[in-house]
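J.: From the sequence below, what's the structure:
(chains A and B)
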Amino acid sequence: MSAYFIRRLLLLIPTFLGITFLVFSVTRFVPGGPIDQMIAAAQMADGEAGGGSAAGGADGASSGMPEEVLKELEKQYHFDKPFYLAYLSWLKQLVTLDLGKSYKFNEPVLDVITSRFPISIYFGLIGFFLAYSVCIPLGIAKAIKHGSPFDLISSAVVFIGYSIPGWAMGAVLLVVFGGGSFFDVFPLGGFRSEDWNDLSPIGKILDQAHHTVLPVIAYSVGSFATLTVLMKNSLMDNLGQDYVRTAFAKGLGERRVILVHALRNSLIPICTGLGHAIGLIMAGSYLIEYVFNIDGVGYLGFTSIIDRDYAVVMGVLVINTVLILFGNILSDVLYVLVDPRIRFS
Amino acid sequence: MSTHEEIPHESVSVFQKRWRKFKSLKRGWYSFLLLSFLFLLSFANPLLVSNRALVVKYDGQFYFPAISGHIEARDLGQRAIGEARYRELKTQYDEAGGGNFVLLPPYPFHPNENLLSEPDLLGSPPHAPSGRHWMGTDDRGRDVFARLVYGFRISLAFGLGVVTFSYLIGVTIGAILGYFGGIVDIIAQRFVEIWSGMPFLYTVIIISSVVKPGVVGLVFLLVLWRWMGLTFYMRGEFYREKSKDYVAAAIAQGESHASTIFRHILPNSLTPVVSFAPFALVGAIFSLVSLDFLGFGVPAPTASWGELVNQGKQNINSWHLVFFPLGALFSTLIMVVFIGEAVREAFDPKVFSRLR
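T.: Got it, this is the predicted structure:
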């Protein structure tokens, strides 16, 4: 067993290299990379007659960018080498957890990303718990009352949830409750109000909750349908098994048979989904963060693509990939832990 | 009382049985009919929703601009430069009387047409819905309803394209991997693992921001990711089917590999992927709308639902920019989901037995 997981862990390496190499190469063949952006910023600063708006750029140069600065920049972003050597240098830095420097924030990429992690995790975790705490009981109820009006109506609701992506739901919620055209109940997004630090402790909590409601609904809607149907089908499968027949035959009550005997086994597929969910929770969802202007990791990844801040793009990619890959393995580990019948080899 | 049961004369193939079952599931069947009808209808869009007139009669001569294309304004007696403006031409002819007439399409606006010079659209766009513009205009003064109608065709055609190509590739490769197994299979599995470990949407956005693909390029990009998942299913099915007697019989009869794979095993192993197809379509349309929403989808003037929603995000007061496109997306997808539910029921019925 452990041999299997060691092999899986080792296989992460080529997978990781393959993904990062592919994306790294793509980012290299684009016009308008970080250096071009900086030159543009420097020229803009000149045009503004000494206006100091070009944050990470010009060093007060009078005519574009001086030769040495340009050389230094090329070196920093490995643009002085062919892309495969540049990739190796990038990889070498990565081993020491150095993801390079963001030209936009003028900070190390790792700091930029870690400072946004708590925000993504906050929304991800709450959405995750909400989805699981609604879907599991709902799935169980639907399985027990299979074919009843309750089952049919809730199925319709679930289908509706399946036919609209979470971010789209978020956009609708914003229009309805964000004060644009209908009700002005919730803020238009963001993580907290700007004056959050000046609020009283209770005010802080209320403000935070106020900003949390809509994004969290959008987060959990995405997984509602699949999770509920999975729970229902899994329990239905188990209710037809011989051991359930045995349990009934020896005279146990229906409640005990379903909620103790059958439920345990039917939670197995739900459990193994937890591993995949980790990646989603941690890395956030760029779509939902974009809709609600939440400054999390997903939104950072998205804006850095637009700004061509490739050090950050690669950094977010690395973290996303690692989380997905570990999540997959975690799923398999959980599978073995909760279901002793499974043997990987 | 006869002891013999009535034996049906016609023999019914498995597929016919499934088709009948599918037709008997009303919700899915009617969704299928309606969606197919709308999709076919959408190919007549230039005749239904466009600013080019269907028929123009001018000085005893007939013109068919919707079919023949560009006609100079002055050739139709309009004082303007460039292409004739048919809505104005209609008012001009009507006022002048005489035998000239213009027959406009039922909804006489083009999705890419800037309508800000229209007399009824005052102020800055986006305009709220009105009797003339059923769903208002977007932030560039283009008609939302026209854009939705054209977006429907693009979305569905795009989704069908992605599903078809990823199925062709995924099913074939999965079949070959499962049938032959061995070293090819092991290497290919590693490759599939790399591919499926990638954060799909994020990588597509990065690539799309760099190469700026057209619609076809975008289909290609999505197929690149979508086909992988299918190989898993097919491979598994082929592993199972390969050990069955009919395969051994086919090989013993001297059937070629290709014939064994495609004529004998394939029809028996398609069930899971077929019942998954409508949901793959939902996924593909989701991806397109999401990419459009983020601004990395189809190139700029193309009508797209996601782009409209993004405009709605920028103009939070214009509810019509969010509600209508998402309503269109939702209605389309729920039909596809109903179809999928019926297909699954017909192809892969799950019978739950339960005590009590």
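
J.: quick one: low-confidence ranges for the stretch 1-150 of chain A?
T.: Low-confidence segments of the stretch 1-150 of chain A (pLDDT under 70): A:1, A:30-35, A:37-38, A:41-42, A:44-65.

J.: Quick check: closest non-adjacent residue to the residue in it positioned nearest to chain B.
T.: With C-beta to the nearest C-beta as the measure, residue A:18 is the residue of the stretch 1-150 of chain A nearest to chain B, at 4.1 Å. The way it works is simple: take the backbone N, C-alpha and C, and place the C-beta from them, glycine included. Spatially, and ignoring its direct neighbours in sequence, residue A:18 is nearest to residue B:194 (4.1 Å; C-beta to C-beta, 6 or more residues apart in numbering or on different chains).

J.: The one you found is in contact with residue A:13, isn't it?
T.: No. With contact defined as C-beta atoms under 8 Å, residue B:194 and residue A:13 do not form a contacting pair (10.8 Å).

J.: helix/strand/coil for residue B:31?
T.: Secondary structure assignment for residue B:31 (DSSP: H, G, I helix; E, B strand; the rest coil): helix.

J.: which residues does residue B:209 contact?
T.: Residues in contact with residue B:209 (C-beta atoms under 8 Å, 6 or more residues apart in numbering or on different chains) are A:305, A:306, B:296.

J.: okay, the residues you listed in a markdown table with neighbour count and secondary structure next?
T.: Below are those laid out as a markdown table (neighbours: other C-beta atoms under 10 Å in any protein chain shown; DSSP: H, G, I helix; E, B strand; the rest coil):
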| residue | neighbour count | secondary structure |
| --- | --- | --- |
| A:305 | 23 | helix |
| A:306 | 13 | helix |
| B:296 | 23 | coil |
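
J.: before we move on, the earlier item: report how many residues lie close to the residue of the stretch 1-150 of chain A closest to chain B.
T.: Around residue A:18 there are 18 other residues, counting by other C-beta atoms under 10 Å in any protein chain shown.

J.: same deal with residue A:121?
T.: Residue A:121 sits with 17 neighbouring residues when counted by other C-beta under 10 Å.

J.: who in the stretch 51-200 of chain A is up against chain B?
T.: Neighbours of chain B within the stretch 51-200 of chain A, by C-beta under 8 Å from any C-beta of the partner chain: A:146, A:159-160, A:162-165, A:167-168, A:171-172, A:174-176, A:178-182, A:188.

J.: Recalculate using a threshold of 6 Å.
T.: Selection of the stretch 51-200 of chain A residues close to chain B by C-beta under 6 Å from any C-beta of the partner chain yields A:159, A:162, A:163, A:164, A:165, A:168, A:171, A:175, A:178, A:180, A:181.

J.: repeat for the stretch 201-345 of chain A
T.: Of all the residues in the stretch 201-345 of chain A, those lying near chain B are A:236, A:239, A:240, A:245, A:248, A:287, A:305, A:320, A:324, A:325, going by C-beta under 6 Å from any C-beta.

J.: What backbone torsions are found at the first one?
T.: In this entry, residue A:236 is assigned phi and psi values of phi -60, psi -40 (degrees, to the nearest 10).

J.: these two touch, right, it and residue A:145?
T.: No. Assessed by C-beta atoms under 6 Å, residue A:236 is found out of contact with residue A:145, at 11.3 Å.

J.: which of those two has more neighbours?
T.: residue A:236 (20 against 13).

J.: The more buried one and residue B:133, how far apart?
T.: Here the distance between residue A:236 and residue B:133 works out to 49 Å (C-beta to C-beta, to the nearest Å).

J.: Over to residue B:287?
T.: From residue B:287 to residue B:133 the distance is 30 Å (C-beta to C-beta).

J.: same deal with residue B:224?
T.: 39 Å.

J.: Looking only at neighbour counts, state which of the two leads.
T.: More neighbours surround residue B:133 than the other of residue B:224 and residue B:133, with 23 against 17 (other C-beta under 10 Å).

J.: Now do the SS call for the more buried one.
T.: Under three-state DSSP, residue B:133 comes out as coil.

J.: ok, and the closest non-adjacent residue to it?
T.: Nearest non-adjacent residue to residue B:133 (C-beta to C-beta, 6+ apart): residue B:143, at 5.4 Å.

J.: show me what contacts residue B:35?
T.: Contacts here follow C-beta atoms under 6 Å, 6 or more residues apart in numbering or on different chains; on that basis residue B:35 touches residue B:335.

J.: Ok, residue A:305 next?
T.: With contact set as C-beta under 6 Å, 6+ apart, residue A:305 has these partners: A:313, B:205, B:206, B:209.

J.: What is the burial count for the third one?
T.: The reference is to residue B:206. By other C-beta under 10 Å, the residues close to residue B:206 number 25.

J.: Which helix or strand contains it?
T.: Element membership for residue B:206 (DSSP states H and E) is helix B:200-211.

J.: more neighbours, residue B:194 and residue A:13?
T.: Neighbour count, other C-beta under 10 Å: between residue B:194 and residue A:13, residue B:194 has more, with 18 against 10.

J.: Quick one: the strands in the chain, in order.
T.: I'll assume chain A. A:101-102, A:107-108 (DSSP state E).

J.: wrong one, chain B
T.: According to DSSP E, the strands that chain B contains are B:55-58, B:61-63, B:101-103.

J.: Relative to chain A, which of those strands is closest?
T.: Among the strands of chain B, the nearest to chain A by C-beta to the nearest C-beta is strand B:101-103 (36.9 Å).
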